[in-house]
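Undergrad: 3D, please:
(one chain, ligands or ions: 1)
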Amino acid sequence: MKIQLVFIPSPGIGHLRSTVELAKRLVRSDDCLSITVIIIPYPSISHDDVETTYIASLTTASQDRLNYEAISVANQPTDNQEPTQVYIEKQKPQVRDVVARIFQYSTEVDSPRLAGFVVDMFCSSMIDVANEFGVPCYMVYTSNATFLGITLHIQRMFDEKKYDVSELEDSVNELEFPCLTRPYPVKCLPDFFTSKDWLPFFLAQARCFRKMKGILVNTVAELEPHALKMFNSGDDLPQAYPVGPVLHLENSSDDDGKQLEVLRWLNEQPPKSVVFLCFGSMGGFNEEQTREIAVSLDRSGHRFLWSLRRAPQNILTERPGDYTNLEEVLPEGFLDRTLDRGKVIGWAPQVAVLEKPAIGGFVTHCGWNSMLESLWFGVPMVTWPLYAEQKINAFAMVEELGLAVQIRKFFRGDMLVGGMEIVTTVDIERAVRCVMENDSEVRNRVKEMAEKCHVASMDGGSSQVALQKFIQDVTENVV
Ligand SMILES: O=c1ccn([C@@H]2O[C@H](COP(=O)(O)OP(=O)(O)O[C@H]3O[C@H](CO)[C@@H](O)[C@H](O)[C@H]3O)[C@@H](O)[C@H]2O)c(=O)[nH]1
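TA: All right, here's what the predicted structure looks like:
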């Protein structure tokens, strides 16, 4: 029998691309399955080219069993910071219209039967629309099992009156989470878990997660075995399917001269000699922080490739852009001194860069896609969490898994909510030197984990088995 799923990704390249990759993987795995991906663009924000180009490429790429439907959204006022969850919830009527069209066909003889929704973590309120159509709702979790476990546990503690933001920093230093093997420092909690304004949205989201029929997590059973145990503990949680790493490995830089030059330059560098610095779709730095990084690269003596972007005036309406005059921002003589061993660029062809043998270490903002990409290519990381859940990702990678080195244990602030404290040259330089060490324990552990991730993705590997289990579950919804 032919079946159909509706995918609802969240806007933002970090969510959209991996969700679309998962949809592609599913239709490749089963000829009876078709998927419609409903794309909800960001409102009013001046889109960076990468995201706009990507969405445009999808809307023209619809084919037989994988369709993309971009809805048009009304502009929102930009002066107040509306949580993504709230913005998405407002799009229910439009999503309902698209699904009604699909549903209408799916009742005809021989057309695929609607078997369920698969919604991003920020789109969990769409479970109501799935219910209206009488089909189950699953979630695609573009982050990791540790963050998912912490979110669910904080919500449980809160509902049992054991989690109080106003008491947190004063009276508690560490929290115990079932998804971790060690206590978690309160200072490493992302800001949305300690902010009275933001917490309610994440609690509501978590309550909704519990109602999902299953959760497709972009992780690997061998990477987060302990965190995943929480979902098999009979604790009344949805089934978790570790189907990762789901990566967008296409290289879109083929026709970009500047990016090709960077890749050619990397081809000429000795193996594991270049440290790569890149900070995700929203990571940008002010001039002071930019100078601290430059001095640390200067002093470290290592070759480097630095994707540097300028922090926007207003992060709510703008993505980071390029510095127009690097000479003005960087320390005097920096570009000349490092001409033979370093490059400062804007948006990087990250995946193509990480794949190059010349890369020996990766200073990352700890977005989950970036971390998985780094592991996939066996590159050890330096963690510098900047926003969203990234402090959790850093803790998991450094403390729990030993796959990265840290610049520091604690960072105050969040780039998207009020900004981050300045990180000094000394801390950055020490971490860069440490990650670039040859034959270090971290490097060897990352190499082993890369192999495990590759095996998990092969036929019979744990992620493929989880994907098949998911397809089986979905199929049973309509028989
Ligand atoms: O110069 C750049 C910068 C980024 N990327 C790519 O863009 C993606 C960025 O994704 P990610 O590393 O996950 O960062 P964010 O864009 O910040 O992703 C959001 O979504 C992730 C998944 O839920 C979360 O882990 C992050 O905290 C959240 O901010 C990756 O595939 C990178 O390869 C580039 O190709 N070039």
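
Undergrad: what's whichever residue of the stretch 101-250 of the chain sits closest to the ligand in contact with, if anything?
TA: Residue nearest to the ligand within the stretch 101-250 of the chain (Cβ to the nearest ligand atom): residue 142, separated by 3.6 Å. Where you see a C-beta, it was placed from the backbone N, CA and C, and this is true even at glycine. Taking Cβ atoms under 8 Å, 6 or more residues apart in numbering, we find residue 142 in contact with 10, 14, 15, 18, 19, 120, 121, 218, 368, 369.

Undergrad: quick one, phi psi at residue 335?
TA: Main-chain dihedrals, residue 335, degrees, to the nearest 10: phi -70, psi -40.

Undergrad: what's near enough to touch it?
TA: Contacts of residue 335 (Cβ under 8 Å, 6+ apart): 326, 327, 344.

Undergrad: how does it look with 10 Å?
TA: 294, 326, 327, 342, 343, 344 (Cβ atoms under 10 Å, 6 or more residues apart in numbering).

Undergrad: same question for residue 109.
TA: With Cβ under 10 Å, 6+ apart as the criterion, no residue contacts residue 109.

Undergrad: on that earlier part again, which of the contacts of residue 335 fall in strands?
TA: Per DSSP state E, strands hold the following members of the contacts of residue 335: 342, 343, 344.

Undergrad: which one (most neighbours) among those residues?
TA: Of all these, residue 344 has the most neighbours under the rule other Cβ atoms under 10 Å, reaching 22 neighbours.

Undergrad: could you pull out the strands for the stretch 351-479 of the chain?
TA: Assigned by DSSP state E, counting those that start in this stretch, the stretch 351-479 of the chain shows strands spanning 359-364, 381-383, 404-406, 413-414, 419-420.

Undergrad: make TSV out of those and add distance to the ligand and mean pLDDT.
TA: Formatted as TSV, the strands of the stretch 351-479 of the chain follow (distance: least, Cβ to the nearest ligand atom, whole Å; pLDDT from 0 to 100):
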stretch	distance to the ligand	mean pLDDT
strand 359-364	7	98
strand 381-383	11	98
strand 404-406	14	97
strand 413-414	11	92
strand 419-420	14	88
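
Undergrad: kindly reformat those as CSV containing mean neighbour count.
TA: Output for these, formatted as CSV (neighbours: other Cβ atoms under 10 Å):
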stretch, mean neighbour count
strand 359-364, 27
strand 381-383, 27
strand 404-406, 24
strand 413-414, 17
strand 419-420, 18
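
Undergrad: got the residues of the stretch 301-450 of the chain near the ligand?
TA: For the stretch 301-450 of the chain, the residues in contact with the ligand (Cβ under 6 Å from any ligand atom) are 307, 347-348, 350-351, 367-370, 373, 388-390.

Undergrad: any idea which helix or strand in the chain has the lowest mean pLDDT?
TA: helix 165-171 (a mean of 81; mean pLDDT, DSSP states H and E).

Undergrad: which residue does the stretch 1-150 of the chain have closest to the ligand?
TA: Closest point on the stretch 1-150 of the chain to the ligand, by Cβ to the nearest ligand atom, is residue 14, at 2.1 Å.

Undergrad: how far does whichever strand or helix holds that residue sit from its chain's centre?
TA: For residue 14, the host element (DSSP states H and E) is helix 13-29. Relative to the chain's own centre, helix 13-29 is displaced by 13 Å; criterion: Cα atoms, centre = their mean, to the nearest Å.

Undergrad: buried sites along that helix?
TA: Judged by neighbour count using 16 or more other Cβ atoms under 10 Å, the buried positions of helix 13-29 are 13-23, 26-27.

Undergrad: repeat for stretch 216-231
TA: Buried residues in stretch 216-231, defined by neighbour count with 16+ other Cβ under 10 Å: 216-224, 226-228, 230-231.

Undergrad: determine which two of the residues you listed are furthest apart.
TA: Spatial extent of these (Cβ to Cβ) is set by the pair 216 and 226 at 19.3 Å.

Undergrad: name the nearest residue to residue 268, sequence neighbours excluded.
TA: Leaving out its chain neighbours, the residue that sits closest to residue 268 by Cβ to Cβ, 6 or more residues apart in numbering is residue 358, at 8.0 Å.

Undergrad: residues in contact with that neighbour?
TA: Residue 358 is in contact with 263, 265-274, 276, 303, 305, counting by Cβ under 10 Å, 6+ apart.

Undergrad: repeat that for residue 425.
TA: Shown in contact with residue 425 (Cβ under 10 Å, 6+ apart): 291, 292, 293, 294, 295, 296, 297, 298, 299, 300.

Undergrad: from these, which is closest to residue 57?
TA: Distance ranking of the contacts of residue 425 against residue 57, using Cβ to Cβ, places residue 293 first at 32.3 Å.

Undergrad: just to revisit the earlier point, ok, the buried residues of helix 13-29 vs residue 71, which is closest?
TA: So of these, ranked by how close each gets to residue 71 (Cβ to Cβ), first place is residue 16, at 13.5 Å.

Undergrad: so that closest one touches residue 52, yeah?
TA: No: Residue 16 is beyond contact range of residue 52, at 11.5 Å (criterion: Cβ atoms under 10 Å).
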